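Colleague: okay, structure incoming, though there's no sequence with it:
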């Protein structure tokens, strides 16, 4: 069971490579329970980072790679940032819309709501 206290925080890491058509929808679909949304532009030739810069979410952090490191490198960069921010839970979601965030975040959301009601 996840120990979700009021001080725990949730980060979502989104590797971004050739997802300029879907990144905004993916980011906007994330619920308010997420404390940090970390998008890593992996030297995308389709301007995924530039598209992400236009998204209005206060908890959005955008990181850029100078060279393409592949999805693994982008995930590692995002995880490192989340750990640097002190996040307790880190969830990776694809930037192409294949993963529905309501399923990935359902457990964290219910645990946090339960803990806050106590």
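Modeller: That came through fine. Since this is a predicted model, take the numbers as computed values, not measurements.
Colleague: for the chain, just list every one of the strands.
Modeller: Assigned by DSSP state E, the chain shows strands spanning 10-16, 36-41, 60-64, 89-92.
Colleague: could I get those strands as JSON lines with mean neighbour count, mean pLDDT and distance to residue 52?
Modeller: Bear in mind the C-beta positions are built from the backbone N, C-alpha and C, glycine included. Shown next, in JSON lines, are those (neighbours: other CB atoms under 10 Å; pLDDT from 0 to 100; distance: least, CB to CB, whole Å):
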{"stretch": "strand 10-16", "mean neighbour count": "27", "mean pLDDT": "95", "distance to residue 52": "6"}
{"stretch": "strand 36-41", "mean neighbour count": "26", "mean pLDDT": "97", "distance to residue 52": "5"}
{"stretch": "strand 60-64", "mean neighbour count": "17", "mean pLDDT": "97", "distance to residue 52": "5"}
{"stretch": "strand 89-92", "mean neighbour count": "19", "mean pLDDT": "91", "distance to residue 52": "16"}
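Colleague: quick one: low-confidence parts of this structure?
Modeller: 1-7, 107, 109-118 (pLDDT under 70).
Colleague: just the residues contacting the lengthiest helix in it, thanks.
Modeller: When the chain is scanned for its longest helix (criterion: DSSP state H), the result is helix 70-84. Applying CB atoms under 8 Å, 6 or more residues apart in numbering, the contact partners of helix 70-84 are 11, 13-17, 36, 38-40, 42, 61, 63, 65, 69, 90, 92.
Colleague: repeat the analysis, applying 6 Å as the threshold.
Modeller: 11, 13, 15, 38, 40, 42, 63, 90, 92 (CB atoms under 6 Å, 6 or more residues apart in numbering).
Colleague: having no further points to raise, I will conclude here.
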